[in-house]
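Q: coordinates only, no sequence provided:
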């Protein structure tokens, strides 16, 4: 079975081809209810629509760019446009409407933009200030929203409960049973009168309604859980200026006229225009499929919603929001496309298909045998041409039994149990600070064998402070000196240092609406800006004193950032750079000495500074070097900032403490067979010190630098990679290479953490991409499968634990359901063949189907994880889903149950002294009762597939206890009070005790089976 499934029902956890998704759908036969079975699978037709829309966008933009280029040549002679402002827009105090704004940006219409007075003119017509932003007055914002719309996309309406009831009724077998019930009612009432003749028909109707309502309730609850998770996924905030203050705002609250601050890795939240900024490169592939990035500047100011900032930073003016943008229309289609189905869902669809075909065959044979038996009886009595109402009902009952065998035999619940388990796990993981973006990641994480983790913010707290410095060649303890440090730095060097800190930064020091000073920016920037403030620097004064000519933001390939400023005295230019200590120091040929003078950087000074860097790093400090150079030969903003010839001002050591609990989590991973590797851009000594503190770097492991790793041949990598525990000074491509090698060459299941834009390729390549919720950019989150909301390594271990829990819970459910399938199938088939009647009626089989399907999934697929899960080795990439241990348990239990039921059929009457007209009914009731109690105790045994103690932690899962309790309670009701509908009769106390003992005996047998090695 496993090889057939791997061949035909095998999809990847990520990036499956449309052909693979199409293939398994075509192979799915014997589907009782397509609407329900395929509810949580991708809507391929909607995806094709979205792809077509992307191609249209690409063509539109290509034409728009060509037209705008042509328009530049004739721009001087712009003819007055025939645009008139609608009356309601005028009345509201604006000079431009939403449609006109939308057409300018979407069509890249330079002519219209010029006519409206450029970007500043449009801001004026929108009554927005490019410096102060919109007013925070609620009435003003509400009026603007009414006129220009909200920044939300059209979403499919949440289905009501009755829609799920209707979909559950679409089950083909239930519909056939419904017809049987209707015919049974008519024939029964015609022959036996009301109410006696209606019992069989009403019994089937009641069973169908019960199955439908229980199924619909379970499905409806799942849909609510997914809706809640979708809301969480869409929580994106941006930096906005309103009423002169910078603040964080949800992208859904943005309005035309808002001033938004974008940085590298951000997603453009709405259509708009570039106001000011540096080196802005936009990736439009998500909207157009075009991989070539686009430069955005004052000449090409158009920014489209949904595109990503690949480099640079800028301020933008929002012009068009929500469904008026192309992104809004694309998102509406994409959401309907749905998530890819998970590998387990597909595999279990395969299992359901195989067993369904077997079940259909047995059902047809059972019906044929029963009908043949009836004909033979009638032939022997010579009444084959004379049919009574009772005989018609009997024939109908045979047909109902055959259909019900299909109901029980087709395990429709298998693929849906995956979704149920994943929905439950995702909801719980949300409380544990992990947001799952793709369903498949949940189950894949359970198989993870390697975690490649960042250092900063994941293993460490990301609360950074400068604790040591080496300024003007003097090493100082900043933490103990505090503000007295500024008196020990020569004045000229202090001025240079403050100039460097406040101008060469991606952060900002602002006064918030409460009048308090607030530092915005990454933790590293915050730490250095705090140092600048403690040295007596004033951020706003410093920024106003110099004109910024060019900015090169930090990126993880160059490992440094730079700025060119124009000095007020004489207009000369100066470049400042800051970044990885050894890289910036290598670009320096001079240094500021202890007297504040610039002197050449000789061998001795270089050695002294390198020793200082290593000392800081060995104390687990992150080191950064600050340097400057005067650009005496002039500089053009189109040029790159020079890469050498700098003067070193100083080196700072930043403390970023290890997070509490990380060491224990790393140890837990090691015991669980998961290798943890640290991949960081930091200095190798800092990385080694932190890795030792976390327990990642052991005596037999090695630490390597990215540049060294890059130079290795494939043969060397084969020997090296298994030993690598730390990779320092790594570039995004080093991380990508490591992940790819681990996945392809070593067949590992790899989880990777990432927070920067450049981490996207590695997150995309990994089996499970984990983005950081606090430090992560939108680009990283978009490429990730799981977002770690608190950026904590311990949360990653929790995700692994939940992943294992999902995988094992589904295995437990499959084991339980296949046992019921096998026994119900063989009992009814063999009984029909040998005795000419089936002991389990249609109503009884429907009840059994509900126990094993919806209720069984609820009980077993929602078991919370326990610490024992992390003591097992991971399944890895090649593990069989239905293991030998599961087959052993399934077959062992099936044989026991079959022997018991067959023994009761053969010897039951004499054993309990049953005679008289009701003896067969009583015996069949007893068989039904024993069968149900076998399933109840088998469900308890299925809680553990290898362990003998199945009661451990049973009370922690209240759903399990409630399901078992409800099953027993309703079984008593069915037997004792609903006999006329369910074809049962009340049992004696002895018979009840016997049924329970027969069920309970399955548990020691299950325990004995677990001792058989496989």
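A: Looks like it arrived, so ask away. These numbers come from a predicted model, not from an experiment.

Q: does residue 536 lie in a helix or a strand, and which?
A: Residue 536 belongs to no helix or strand when assigned by DSSP states H and E.

Q: what's the spacing between residue 863 and residue 434?
A: 18 Å (C-beta to C-beta, to the nearest Å). Placement of C-beta: from N, CA and C, glycine included.

Q: pick out whichever of the two has more residues nearby.
A: The neighbour count for residue 863 versus residue 434, taken as other C-beta atoms under 10 Å, is higher for residue 434 (26 against 22).

Q: didn't that one look like it was pressed against residue 795?
A: Yes: assessed by C-beta atoms under 8 Å, residue 434 is found in contact with residue 795 at 5.5 Å.

Q: any shared contact partners between the two?
A: 788, 789 (C-beta atoms under 8 Å, 6 or more residues apart in numbering).

Q: contacting residues for residue 575?
A: Counting by C-beta under 8 Å, 6+ apart, residue 575 has contacts 562, 563, 564, 628, 629, 631, 635, 641, 642, 646.

Q: now the first one, what are its backbone angles?
A: So that's residue 562. phi -150, psi 160 (degrees, to the nearest 10).

Q: who does it bridge with?
A: Legend: beta-bridge partners of residue 562 under DSSP bridges are residue 552, residue 577.

Q: burial of it, as a residue count?
A: Neighbour number of residue 562 under other C-beta under 10 Å is 25.

Q: again, but for residue 619
A: 15.

Q: which residues touch it?
A: Here residue 619 is in contact with 468, 653, 689 (C-beta under 8 Å, 6+ apart).

Q: who wins for neighbours among those residues?
A: Busiest of the contacts of residue 619 [other C-beta under 10 Å] is residue 653, holding 26 neighbours.

Q: which strand or helix spans it?
A: Going by DSSP H and E, residue 653 is part of strand 646-655.

Q: in the helix or strand just after that strand, what counts as buried?
A: Next in sequence after strand 646-655, counting helices and strands by DSSP H and E, comes helix 662-671. For helix 662-671, burial by neighbour count (16 or more other C-beta atoms under 10 Å) applies to 662, 663, 665, 666, 668, 669.

Q: touching, the second one and residue 696? I think so.
A: No: between residue 663 and residue 696 no contact is recorded; they are 9.1 Å apart, counting by C-beta under 8 Å.

Q: how about the helices in the stretch 401-550 of the chain?
A: 413-431, 439-444, 478-481, 491-503, 523-534, 539-545 (DSSP state H, counting those that start in this stretch).

Q: list the contacts of the shortest one.
A: Counting by C-beta under 8 Å, 6+ apart, helix 478-481 makes contact with 465, 466, 467, 468, 469, 485, 488, 531, 534, 652, 655, all of which sit outside it.

Q: and the first one, what does it touch?
A: With contact set as C-beta under 8 Å, 6+ apart, residue 465 has these partners: 479, 527, 530, 654, 655.

Q: check the burial of the fourth one by counting its neighbours.
A: Close neighbours of residue 654, defined as other C-beta under 10 Å, add up to 23.

Q: with the second one instead?
A: Using other C-beta under 10 Å, residue 527 has 23 neighbouring residues.

Q: quick one on the thing from earlier: let me know the closest of the contacts of residue 465 to residue 287.
A: Among those, residue 527 lies closest to residue 287 (C-beta to C-beta), at 36.6 Å.

Q: pLDDT value on that closest one, please?
A: We have a pLDDT of 92 for residue 527.

Q: I figured it hits residue 467, correct?
A: No: with contact defined as C-beta under 8 Å, residue 527 does not reach residue 467; the gap is 9.3 Å.

Q: and for those two, which residues touch both?
A: residue 654.

Q: related to what we said a few turns ago, in TSV: the contacts of residue 465, plus distance to residue 120.
A: As requested, the contacts of residue 465 are arranged in TSV below (distance: C-beta to C-beta, whole Å):
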residue	distance to residue 120
479	47
527	37
530	36
654	41
655	45
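
Q: all helices for the stretch 151-300 of the chain, in order.
A: Under DSSP H, counting those that start in this stretch, the stretch 151-300 of the chain gives helices at 161-168, 172-192, 199-233, 285-288.

Q: so which of those is nearest residue 355?
A: Of the helices of the stretch 151-300 of the chain, nearest to residue 355 by C-beta to C-beta is helix 172-192, at 14.1 Å.

Q: distance from that closest one to the middle of the chain?
A: 47 Å (C-alpha atoms, centre = their mean, to the nearest Å).

Q: just stretch 360-370 next, same as before
A: 45 Å.

Q: so what's residue 596 up against?
A: 472, 489, 490, 491, 492, 493 are the contacts of residue 596 under C-beta under 8 Å, 6+ apart.

Q: what about 6 Å?
A: By C-beta atoms under 6 Å, 6 or more residues apart in numbering, the contact set of residue 596 is 490, 492, 493.

Q: closest to residue 838 out of the residues you listed?
A: The closest of the contacts of residue 596, once distances to residue 838 are taken by C-beta to C-beta, is residue 493, at 95.3 Å.

Q: what's the local residue count around that closest one?
A: Residue 493: 21 neighbours (other C-beta under 10 Å).

Q: that one against residue 472, yeah?
A: Yes: assessed by C-beta atoms under 6 Å, residue 493 is found in contact with residue 472 at 5.0 Å.

Q: need the phi and psi values for residue 312.
A: Residue torsions, per degrees, to the nearest 10, at residue 312 are phi 90, psi -170.

Q: er, residue 910 I mean
A: phi -70, psi -30.

Q: what about it, how many residues nearby?
A: Neighbour number of residue 910 under other C-beta under 10 Å is 9.

Q: then residue 625?
A: The burial count for residue 625: 26, using other C-beta under 10 Å.

Q: find the nearest non-adjacent residue to it, please.
A: Once flanking residues are discounted, residue 625 sits nearest to residue 584: 3.8 Å by C-beta to C-beta, 6 or more residues apart in numbering.

Q: so how far is residue 567 from that neighbour?
A: Counting by C-beta to C-beta - residue 584 and residue 567 are separated by 21 Å.

Q: please say which of those two ends up with more neighbours.
A: Higher neighbour count among residue 584 and residue 567: residue 584, with 22 against 14, using other C-beta under 10 Å.

Q: quick check: pLDDT value at the residue in the chain sticking out farthest from the centre.
A: The centre of the chain is farthest from one residue, residue 382, which by C-alpha atoms, centre = their mean lies 68.6 Å away. On pLDDT, residue 382 comes in at 75.

Q: same thing with residue 981?
A: 80.

Q: double-check that it belongs to a helix.
A: Yes: applying DSSP: H, G, I helix; E, B strand; the rest coil, one finds residue 981 inside a helix.

Q: what's the burial count for the residue lying closest to it once chain neighbours are set aside?
A: Spatial nearest neighbour of residue 981, excluding adjacent residues (C-beta to C-beta, 6+ apart): residue 203 at 3.3 Å. Residue 203 is flanked by 24 other residues according to other C-beta under 10 Å.
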